[in-house]
Every structure is written in C-alpha cells, then in structure tokens.
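Asks: using only what follows, build the 3D model:
(chains A and B)
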Amino acid sequence: MNQGLKAKGLWGIYGFILPLFLFIFGFILFPVVGTFWTSLFRDVAFLPKRFLGLANYIRLLKDPNFWRSARFTLLFTFGSVALEVALGTIFALLLNEKLPLRGWLRAAVLIPWAIPIAISARVWELGYNYNYGLANYLFLKLGICSGPINWLGSGTGAFLSLLLADIWKTTPFVTIILLAGLQAIPEELYQQAKVDGTNFYQRFIKITLPLLRPVLLVAILFRTIDALRIFDLVYVLTHGGPGGMTTSLSLYGYKFFLSSDFGYGSAVSVACFLIAFSLSILYLRVGKFGRN
Amino acid sequence: MREERTKLLLTWLGLSFMVIFCLTPFFFMIMVSLSKDPTFLSLQKVKYLLTLRNYIHILRAGSLHFPAYLRNSLIISALVAIFATFVAGLAAYAFSRYRFPGRVLIPLGVLGISMFPQISVVGYLFKIMTGLGWINTYNALIFPYIAWALPLALWIVLSYFMQIPQELDRAALVDGASRFQTLYKIIFPLALPGLFSTALLVFIFSFNEFLFALMLTTDQAARTIPVGIALFQGLHGEIPWGHIMAASTISSIPLVLLTVGFQRYIIQDLTKGALKG
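Replies: Numbers count the residues shown, from 1 in each chain, chains lettered A, B, ... in the order given. The predicted model follows:
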C-alpha cells in the first residue's frame, strides 16, 4: 500500500513546499542577504556606489547615537518584558478562576491586542497631551500632582509613556499564553495541597510557578524578540524624541533609509538583525531543552 | 472561610482593575471621536457635546483619503489572508503526511525566520520594489506580507492537519486520487474551521503592519490605514483629534468585533503558534 505512495516520487512532495520556499526566499532571506551586501558599500543618493569593506561597521562602533539607540532599545525591552510578564501572570491567574462572564472578561483583555499599534499610539498621544489629555486630567483629579505634567517632553517621561502604552498593548498576548499554561495544570494538585493546609501564596510558589516555567520562558522570549524590533509605537508616539532619546534601533536604521543612506542604514539593520538572531537561536535551544 | 472571602474580594478587585486598564483607551478613543470639541478634558471647562460631525467629515472630505486607506487595507489584508493560508496549507500537507529529508528542520527553520526584525529587510525590499516598479502599489505590500505571515500560518495549519487521521487521505490515495485532489477534497474541508481562523489571524496581522507600508507606499493609491492615521496632520498645525479618533474608531471596530466574536479560535491559535515551537 505504502509502496504506491512512494512510487509517485519525492519531487511531487517538494512541489507542495515550493511556494512556501519562494515567498520566504524572495521576501525574507534574499533581502536579508541583500542588506548584508549593501552594508559593505557606500550607497548614498547622488554619489557613485563604492565598496567600503567594513568601514560602515567601524563608523557604527564609533557612533554615539547608535549606542544611545542600542541602550534605549535594550532598556525598553527589559523593562517592558518584565512588567508585561508580571502583569500578564496576574491577569492569567484572575481569568483562570471559575467566574461568571469569563468569556466576556477574556474578550475585554483581547481588545488592546486587536487594535493596530499605530492607531493605539495616536490614542495614547492624545492621552498624554499636556493641555487636554486623559493622563493629566486623571492625575490632577486624583490629586497625584499639583500641575500638569509634560509627559513626552522629557527623556524619562517619554520612556515611561512608551512603556505604559506598550504594556497596555502586549500584556493581552502574555496573558493568553500564560492562561493556556495554567489550564494545563491538573486541578487535583491544588485540591491535594488545600487538604494539606497550604495557603494561596504557598500553592503559587510550590505548584503554579514551577509548572508554569516552560510557558513563562516561551512568553518571555517571544516578547523579548518582539520588543527588540519596536518601531511603530516609537515612530508615532515620540518620533524618537525628545532629542533622539527614545530612538529605537529600528527607527535609527529607518532614518538612514529615509535620507537614502542605504549603506549605513543597512549596517544598522544588520546590527539589529544580529541581536535578534542570537536571541532566536537561544529561543530554539531553550525550546528544545523544554521538550526534553 | 476567611481566606476564601479575602480571595474573592481580591479577585474582583483585580478583575475590575484589569477591565478598566484594558478598556479605558478604547472608550477614550470613542468618546473623543463623538465629541464636538476634543479638548473637553482641559482645565478650562469645555463642555462635552455629542456629534457625528467627525465621522461625516472623514468619510466625505476628499482631501483626507480615509476611505481610500480603508479600502487599501481591507483588500490587501484579505488577499494576504487567503494566499498565505493556502500556501501554508500546501506546505503543511507535505510536512504532516510524508517522511522526507527536512520534514522537521524546515518548519523549525521557518519559525526561526519569523524572529527576524523587519528592519533587516525593509531597506533592500525598497530597492527590489523600486526595481520592479512596484513602489506605491498593492503588490509591494501583498508579497512581503504573505512571506512574513507564513511562519505563523504554517505552524497553525500544521497543528490542525496533524489532528486529522492519516487513514482518511491514505484511503483516498489508494483509490487513485492524486495528492492535490486528496488535499482539496478531504483535508481542506475537514480543516476548514482551522484554515478560517488562520486566515483571520493573518488578516489581523496584515491590517496591523506598519514599517513596510510606511516605506513602500507614498500616497493614497496604496497607503494603508495604520500609516494613514499615523501621518494624519492638520492643515494649520493644530492636530485634528476628532477626525483622527473617528478614523481610528471606524478602523478598529471591525477588528475588535472579529476578535470578540472569534476569541475562542484566536486564543487557541495564538497559544498554538507560540507553544508548539
């Protein structure tokens, strides 16, 4: 029986995968290689293209704005991922309770995820408005501060504003992943622990956390890789400002493409790629490790 | 008993915070979109007056191009959803049904590729699209979007195909059906709910995409909603918040309704996409 299947040949099978290959090669792998290649050239508007070797990378290492972008991107990534995982764990624990309206509550959590970042970034932009934004309105009404705050006007303020908007947008994703992990933990474990007279906190530390660990790891790595390439939110909410203090690596690279400096922009992009790539290798390693 | 009561109280407090936190920006957006004067939260007491003027304006005013952006986004996202799901379905059939070199490594490699940052291709994509003469056309976005949606689509469709017993399509093959017939007469119909929810997720992904759309389009001929709304500026320096929020609300409502309506599928797929790897 199986002989008949094989006789039709392997090539037919590769035919099914061919379209996938063409798309992935044509619009992901080939452009990645192209970016590497371009990064070795002077490729600027109005000047002849010239091979530079690694000169763009040497310029990169000496470029203080590049290092500032790298520092901002890493700080933002660690801050947002840590807070999103903490808040996502709390939300997932809440949604895992047997509650009336659970479906509706889950739907409410998904709403920030469904709205495009560029759109929600504009909503936050208005929310942080100095004169008539929601943030200043609430802070003044609740008496948290005495005068309005210029949220996007200082480096720290802009950083925190971005952080909050990002947490709002991506905590739903973390919540959903962790909720799936929680639901896989057998209820009997908790029942037994209750009989043994443990309190909620002890059960969380002794049962929930260890069993949730693989899922937590996946959520953290997914979010880290995603946060490292942040672009839309920064582009819309702060334009990388004030004074370039919130320019992410992706935005920094984009600015060179925008001014038609493709050589140096590509070098910045390659740096961005290498950071993400080393993390995805780590991810695959950890993923394999988790399965074993 | 006391512990139970405290827990219940904390749960409801936590849930209230969660719902308020998640929904406030959404309702704020809708409130501003319906306001006559978007500065109603300012310290000088401005009255909140309801109006549909903002909606009428963005749908009518030709200079804003909002209907064109919306049409571009809907067409591009729908085409990408259909094609990406189909291409993923073809590949998933091979990966789930046959033993051949690369059966395990290729899907893993594809998953790894999905972690690449978009910035690492966008500069070169601009060159490619310029060479093809595709800048500011639907093609400039559709092809890269399909490629970038494929890793997620492949993994989700693969997990649905794995659940279909192999005996079903083996029997058809033995009866003389070709592989392609087996795929579209047996596997596609059986996996239809899964294919539909994959397409839905790809649709939302494409509707959200920003960097490619920003770089590869120049005006309303192909510009999509996120870029259109991000670049929305007033003529005289004053930002037209009422119009922006009305446009944002119109664009978000379909996505929010789809998400709420199909939340069970979406949650399933998101967890599959993340945890199976």
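Asks: list the buried ones in stretch B:168-180?
Replies: Across stretch B:168-180, burial judged by 16 or more other C-beta atoms under 10 Å in any protein chain shown covers B:169, B:170, B:172, B:173, B:179. In this view, the C-beta of every residue, glycine as well, is placed from N, C-alpha and C.
Asks: secondary structure class of the closest residue to chain A within the stretch 151-277 of chain B, three-state.
Replies: Nearest residue of the stretch 151-277 of chain B to chain A (C-beta to the nearest C-beta) works out as residue B:226 at 3.5 Å. For residue B:226, the assignment made with DSSP: H, G, I helix; E, B strand; the rest coil gives helix.
Asks: residues contacting it?
Replies: By C-beta atoms under 8 Å, 6 or more residues apart in numbering or on different chains, the contact set of residue B:226 is A:116, A:117, A:118, A:119, A:232, B:73, B:207, B:208, B:209, B:210, B:213.
Asks: and for residue A:198?
Replies: Residue A:198 neighbours (C-beta under 8 Å, 6+ apart): residue A:206.
Asks: would you say it is within a strand?
Replies: No - counting by three-state DSSP, residue A:198 is located in no strand; its state is coil.
Asks: and it, how far is that from residue A:182?
Replies: As judged by C-beta to C-beta, to the nearest Å, residue A:198 and residue A:182 stand 18 Å apart.
Asks: residue B:256 too?
Replies: 25 Å.
Asks: kindly report the same for residue B:65.
Replies: Taking C-beta to C-beta, one finds residue B:65 at 46 Å from residue A:182.
Asks: quick one on the thing from earlier: so which of the buried residues of stretch B:168-180 are in helices?
Replies: Judged by DSSP state H, these include B:169, B:170, B:172, B:173, B:179 as members of helices.
Asks: want to throw these into CSV with pLDDT?
Replies: Listed next are these as CSV, based on pLDDT from 0 to 100:
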residue, pLDDT
B:169, 83
B:170, 84
B:172, 85
B:173, 84
B:179, 84
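Asks: farthest-apart pair in those residues, please.
Replies: Pairwise distances across those (C-beta to C-beta) peak at 11.4 Å, for the pair B:170 and B:179.
Asks: could you find the closest non-adjacent residue to the residue of the stretch 151-277 of chain B closest to chain A?
Replies: Leaving aside its sequence neighbours, residue B:226 sits nearest to residue A:118 (C-beta to C-beta, 6 or more residues apart in numbering or on different chains; 3.5 Å).
Asks: what is the helix or strand harbouring the one you found packed up against?
Replies: Following DSSP states H and E, one finds residue A:118 within helix A:117-127. Judged by 3 or more C-beta pairs under 8 Å, 6 or more residues apart in numbering or on different chains; DSSP states H and E, helix A:117-127 is in contact with helix A:134-141, helix A:155-183, helix A:232-237, helix B:2-33, helix B:225-230, helix B:241-261.
Asks: and of these, who's closest to residue B:105?
Replies: helix A:155-183 (24.9 Å).
Asks: wait, isn't residue A:40 in contact with residue A:51?
Replies: Yes - between residue A:40 and residue A:51 a contact is recorded at 6.4 Å, counting by C-beta atoms under 8 Å.
Asks: of those two, give the one with the bigger neighbour count.
Replies: The neighbour comparison of residue A:40 against residue A:51 (other C-beta atoms under 10 Å in any protein chain shown) goes to residue A:40, with 18 against 9.
Asks: for that one, give me the pLDDT.
Replies: In this prediction, residue A:40 carries a pLDDT score of 95.
Asks: contacting residues around it?
Replies: A:51, A:52, A:53, A:54, A:56, A:263.
Asks: quick check: closest non-adjacent residue to the first one.
Replies: Of all residues not flanking residue A:51 in the chain, residue A:41 sits nearest, at 5.8 Å (C-beta to C-beta, 6+ apart).
Asks: ditto for the third one
Replies: In space, residue A:53 comes closest to residue A:40 once its chain neighbours are excluded; the distance is 6.3 Å by C-beta to C-beta, 6+ apart.
Asks: what of the fourth one?
Replies: Here the nearest residue to residue A:54 in space, its sequence neighbours aside, is residue A:40; by C-beta to C-beta, 6+ apart that works out to 7.3 Å.
Asks: strands along the stretch 1-150 of chain A, start to end?
Replies: A:41-42, A:50-51 (DSSP state E, counting those that start in this stretch).
Asks: low pLDDT regions in the stretch 151-277 of chain B?
Replies: Scanning the stretch 151-277 of chain B for pLDDT under 70 picks out B:234-237, B:276-277.
Asks: got the residues of it near chain A?
Replies: Contacts of the stretch 151-277 of chain B with chain A, taken as C-beta under 8 Å from any C-beta of the partner chain, map to B:154, B:170, B:173-174, B:179, B:183, B:204, B:207-208, B:210-211, B:214-215, B:225-227, B:229-230, B:232, B:241, B:244-245, B:248, B:251-252, B:255-256, B:258-260, B:263, B:266-267, B:270-271, B:274-275, B:277.
Asks: list buried residues within these.
Replies: When those are checked for burial by 16+ other C-beta under 10 Å, the buried set is B:154, B:170, B:173, B:179, B:183, B:204, B:207-208, B:210-211, B:214-215, B:225-227, B:229-230, B:232, B:241, B:244-245, B:248, B:251-252, B:255-256, B:258-260, B:263, B:266-267, B:270-271, B:274-275, B:277.
Asks: okay, the helices and strands packed on helix A:117-127 in JSON lines with distance to residue B:162 next?
Replies: Shown next, in JSON lines, are these (distance: least, C-beta to C-beta, whole Å):
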{"stretch": "helix A:134-141", "distance to residue B:162": "47"}
{"stretch": "helix A:155-183", "distance to residue B:162": "17"}
{"stretch": "helix A:232-237", "distance to residue B:162": "34"}
{"stretch": "helix B:2-33", "distance to residue B:162": "33"}
{"stretch": "helix B:225-230", "distance to residue B:162": "34"}
{"stretch": "helix B:241-261", "distance to residue B:162": "26"}
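Asks: quick one: which of these is nearest residue A:124?
Replies: Among these, the nearest to residue A:124 by C-beta to C-beta is helix A:155-183 (4.3 Å).
Asks: now the element after the closest one, going C-ward?
Replies: Using DSSP H and E, the first helix or strand after helix A:155-183 is helix A:187-195.
Asks: which elements pack onto that following helix?
Replies: With contacts taken as 3+ C-beta pairs under 8 Å, 6+ apart, helix A:187-195 sits against helix A:200-203.
Asks: ranking the helices and strands packed on helix A:117-127 by mean pLDDT, which is last?
Replies: Note on the helices and strands packed on helix A:117-127: lowest mean pLDDT is at helix A:134-141, with a mean of 87.
Asks: that one near chain B anywhere?
Replies: Yes - residues of helix A:134-141 are located near chain B by C-beta under 8 Å from any C-beta, namely A:134, A:136, A:137, A:140.
Asks: among those, who's most crowded?
Replies: Per-residue neighbour counts (other C-beta under 10 Å) across those peak at residue A:136, which has 24 neighbours.
Asks: any idea how far that residue is from residue B:100?
Replies: According to C-beta to C-beta, residue A:136 stands 62 Å off from residue B:100.
Asks: who's in contact with the closest residue in space to residue B:255 that isn't next to it in sequence?
Replies: Nearest non-adjacent residue to residue B:255, counting by C-beta to C-beta, 6+ apart: residue A:114, 4.6 Å away. Each residue near residue A:114 by C-beta under 8 Å, 6+ apart is listed here: B:204, B:252, B:255, B:256, B:258, B:259.
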